[in-house]
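Novice: Pasting a predicted model and its sequence here:
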Amino acid sequence: MDLTWLSISGVLIGILIFALKVSLGCGLASLNRREVLSIATGYLMISLFMGMAIVLIQENALAAVLNAGVAVHLAVALLLVALGVMTARKWNNHHHDISRKTFWALSMPCPACLAASFISCSFLATLLDMASWKVGLGFGIILFFAIMGLSEVFRRRHQTPSVMGNAMIFVGLFYILSMLIIPAYLGSKVASTPSEIPAVNAVYTYGFLLGMIFLGFIGKKMGVAI
């Protein structure tokens, strides 16, 4: 397969995953079409702005943003878990719907996602030898229609706010998992023998698995699990 089309396919999959995260919040919180349209339009404008800003941002500034990305990613993950627990618990224990107050953690732009989108636009502009603003516009249009379509699908399912809370917890834990497993995997690829794999990666991995079990137990006690 042509490497160019393979790369484009990877970026498109990334856009759909990004849109899925946004749509989970919009659809499961039962936002109306006008509200979803406003959010999708906002992402379109952000994407266009990113495309225009690619030629203005220096490489050292981008490197500084990427270095701070891990801390930001962790903060977003913990926020998703905390608000997810709160949303699910309020509904399961008191039938109180706060999803319209917490959905923004899923649907609003987070620095980590914006950084990934910026890198994708910059990569495509270089790969396709195309004006960066055109790449940003194309990125935004695809993201716009994906958010509108997926949000409508989730909205029509009429799920309870507890489902959105559980989705927030899942996404937050997935963020944490990616921060632990991916470095461990990369470390194992660099090491020439299994004994050279940094022991700290194994500690992180097992710590995450134990943490998952602990969170499941606590969630059951707090009424988060359905």
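Specialist: Received it, and whenever you're ready, just let me know what you need.

Novice: Show me the helices in this protein, by range?
Specialist: With DSSP state H as the definition, the chain shows helices at residue ranges 3-28, 33-53, 59-67, 69-94, 99-102, 104-107, 111-128, 132-156, 161-190, 199-222.

Novice: Okay, now the unreliable bits of this protein?
Specialist: Flagging of the chain using pLDDT under 70 yields the residue ranges 1-3, 58-70, 180-226.

Novice: thinking again about what came up before, and the helices of the chain as CSV, adding mean neighbour count?
Specialist: For every residue, glycine as well, the C-beta is placed using N, CA and C. Compiled in CSV, the helices of the chain are given as follows (neighbours: other Cβ atoms under 10 Å):
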stretch, mean neighbour count
helix 3-28, 18
helix 33-53, 18
helix 59-67, 11
helix 69-94, 18
helix 99-102, 19
helix 104-107, 21
helix 111-128, 19
helix 132-156, 19
helix 161-190, 18
helix 199-222, 13
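
Novice: who's in contact with stretch 152-161?
Specialist: Contact with stretch 152-161 is made by 23-24, 26-31, 33, 36, 87-88, 90-91, 97-99, as judged by Cβ atoms under 8 Å, 6 or more residues apart in numbering.

Novice: again, only this time at 10 Å
Specialist: With contacts defined as Cβ atoms under 10 Å, 6 or more residues apart in numbering, stretch 152-161 is touched by 20, 23-33, 36, 87-88, 90-92, 95-100, 102-103, 163-164, 166-167, 226.

Novice: That one spans what distance, first to last residue?
Specialist: End-to-end distance for stretch 152-161: 16 Å, by Cα to Cα, to the nearest Å.

Novice: And that stretch, how far out from the chain middle?
Specialist: How far stretch 152-161 lies from its chain's middle: 20 Å, per Cα atoms, centre = their mean, to the nearest Å.

Novice: Equivalent analysis for stretch 79-95, please.
Specialist: From the chain centre to the centre of stretch 79-95 is a distance of 19 Å (Cα atoms, centre = their mean).

Novice: Just the CA coordinates for it, please, in PDB.
Specialist: Below are the C-alpha coordinates for stretch 79-95, written out as PDB (Å, rounded to 0.1, in the frame of the first residue of the first chain):
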ATOM      1  CA  LEU A  79     -10.800  15.100  35.800                       C
ATOM      2  CA  LEU A  80     -12.800  12.700  33.500                       C
ATOM      3  CA  VAL A  81     -12.700   9.900  36.200                       C
ATOM      4  CA  ALA A  82     -13.800  12.300  39.000                       C
ATOM      5  CA  LEU A  83     -16.600  13.900  37.000                       C
ATOM      6  CA  GLY A  84     -17.700  10.500  35.700                       C
ATOM      7  CA  VAL A  85     -18.000   9.100  39.200                       C
ATOM      8  CA  MET A  86     -19.900  12.100  40.200                       C
ATOM      9  CA  THR A  87     -22.300  11.900  37.300                       C
ATOM     10  CA  ALA A  88     -23.000   8.200  37.600                       C
ATOM     11  CA  ARG A  89     -23.300   8.300  41.400                       C
ATOM     12  CA  LYS A  90     -25.800  11.200  41.300                       C
ATOM     13  CA  TRP A  91     -28.100   9.400  38.900                       C
ATOM     14  CA  ASN A  92     -27.800   5.900  40.400                       C
ATOM     15  CA  ASN A  93     -28.300   7.000  44.000                       C
ATOM     16  CA  HIS A  94     -30.500  10.000  43.700                       C
ATOM     17  CA  HIS A  95     -31.800  10.100  40.100                       C
END
